[in-house]
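Chemist: Provided below for reference: sequence and predicted model.
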Amino acid sequence: MRFNLQHTDTHSKARAAEIETAHGKIQTPIFMPVGTAGTVKTVHQRELADDIKAQIILGNTYHLYLRPGLKVFKNAGGLHQFMNWQKPILTDSGGYQVYSLANSRKIKEEGVKFASHIDGSKHLFTPENVMDIQRTIGADIIMAFDECTPYPCEYDYAKKSMQMTHRWLTRCINQFDKTEPLYNYEQDLFPIVQGSVYKDLRQQSAEFIAAQNRAGNAIGGLSVGEPEEDMYAMTDLVCEILPKDKPRYLMGVGTPWNILECIALGIDMFDCVMPTRNARHGLLFTYNGIINIKNEKWKNDFSVIDADADCFADKQYSKAYLRHLMHANEMLGAQIATIHNLHFYLHLVTQARTKIIDGTFASWKTQLIPRLKTRL
């Protein structure tokens, strides 16, 4: 992986950069659509690439390991070939999914024992086999195995969890470094900063992660229910410590305004299920605010969803038509809404990049955020 830092904003810590992977270049800041099970729900890969203009997508180790399983990936030649996506892919290690299985998993030093949500079968994730699993899936960027602590979280638990995550990281690195890619292209491992909302723990974790000298670094354990000001404070603290010459990835964040605020703090990469999940429930993000398309007020509104986002779906379909599809439970409704929301997110980070380069990012962000938060 190569990281080329191209421009830093003069009035914030926002950066414009380029990440080069085996499957192509990524212009940052970037948002990564979540393709949990080898698909971004309701969207064709062609639409992701050509219409939404996604540059990288995310897959999930936990889900892909359980179904379709590693043998399928080996036979297919990896996830890129299996799903016919020839741009970069990042895989989450499954730590967050295991965290969410609180009633059916046990965390020990060895790793995490858990029951499949599909059939109840028992499995064990360790730092070592999670590296091997991600090698087999074949993502360009693979994540270290960590424990994502809940919020709120007692200090002592957060500290013990962080220390275990660091020990797990050492095991991840050892396993990663002694194995080879399976599909004739390079892969890179990103460690993950933890520490809940405690400044001293976040500082310790960021320093430990930075010292590992990997190709990029991630920040986990945020956007799990803590106040936004705590998310921003922890992100700001960690970005001051993580190296400036490597990409910084804030995991699972977030709303459009979260993304802009964290770009201003020095984050380069984001992912979140919010644009796709909200779309399927009729919630649309626009440059003028948030629309619940199921509301009666849109029944006879034949205007486009968001002229400022310049999305092809917005040009073809009206608010009234999309509302009708949603109320009729037509699958096309979820598809149009998802395409719109993902396009909006990608358009937003592309605009942010342009503003960083031309020196107007800080003022643009300040003026835009109140509009983004408005309920229409």
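Modeler: Right, received. Where do you want to start?

Chemist: where along the stretch 251-376 of the chain do the helices fall?
Modeler: For the stretch 251-376 of the chain, the helices defined by DSSP state H, counting those that start in this stretch cover 256-264, 274-280, 312-316, 319-327, 331-358, 361-373.

Chemist: now the ones you listed as TSV including mean neighbour count?
Modeler: For the C-beta atoms, the positions are set from N, CA and C on the backbone; glycine is no exception. Formatted as TSV, those follow (neighbours: other Cβ atoms under 10 Å):
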stretch	mean neighbour count
helix 256-264	23
helix 274-280	21
helix 312-316	16
helix 319-327	19
helix 331-358	22
helix 361-373	16
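
Chemist: mean pLDDT for those: which is lowest?
Modeler: Among the helices of the stretch 251-376 of the chain, helix 312-316 has the lowest mean pLDDT, at a mean of 78.

Chemist: residue 39 reaches residue 85, doesn't it?
Modeler: No - contact criterion Cβ atoms under 8 Å: residue 39 and residue 85 do not qualify, at 9.6 Å.

Chemist: compare those two (neighbour count), which wins?
Modeler: The neighbour comparison of residue 39 against residue 85 (other Cβ atoms under 10 Å) goes to residue 85, with 23 against 15.

Chemist: what does the model give the more buried one for pLDDT?
Modeler: You'll see residue 85 listed with a pLDDT of 98.

Chemist: what sits closest to it if chain neighbours are left out?
Modeler: With Cβ to Cβ, 6 or more residues apart in numbering as the criterion, residue 85 has its nearest non-adjacent residue at 5.1 Å, and that residue is residue 45.

Chemist: what residues are up against that neighbour?
Modeler: By Cβ atoms under 8 Å, 6 or more residues apart in numbering, the contact set of residue 45 is 83-85.

Chemist: for residue 205, see how far away it is.
Modeler: Residue 45 is 36 Å from residue 205, where distance means Cβ to Cβ, to the nearest Å.

Chemist: ok, residue 320 next?
Modeler: 50 Å.

Chemist: show me where the stretch 51-200 of the chain has helices.
Modeler: 61-66, 70-76, 79-83, 95-100, 127-137, 155-177, 199-211.

Chemist: mean pLDDT for those helices: which is lowest?
Modeler: helix 95-100 (a mean of 70).

Chemist: tell me the backbone dihedrals of the closest residue to residue 54 other than its chain neighbours, please.
Modeler: Distance criterion Cβ to Cβ, 6+ apart; nearest residue to residue 54, sequence neighbours excluded, is residue 48 at 4.5 Å. Main-chain torsions, residue 48, degrees, to the nearest 10: phi -60, psi -50.

Chemist: and residue 48, how many neighbours?
Modeler: Other residues close to residue 48 by other Cβ under 10 Å number 22.

Chemist: okay, it: pLDDT?
Modeler: Listed pLDDT for residue 48 reads 96.
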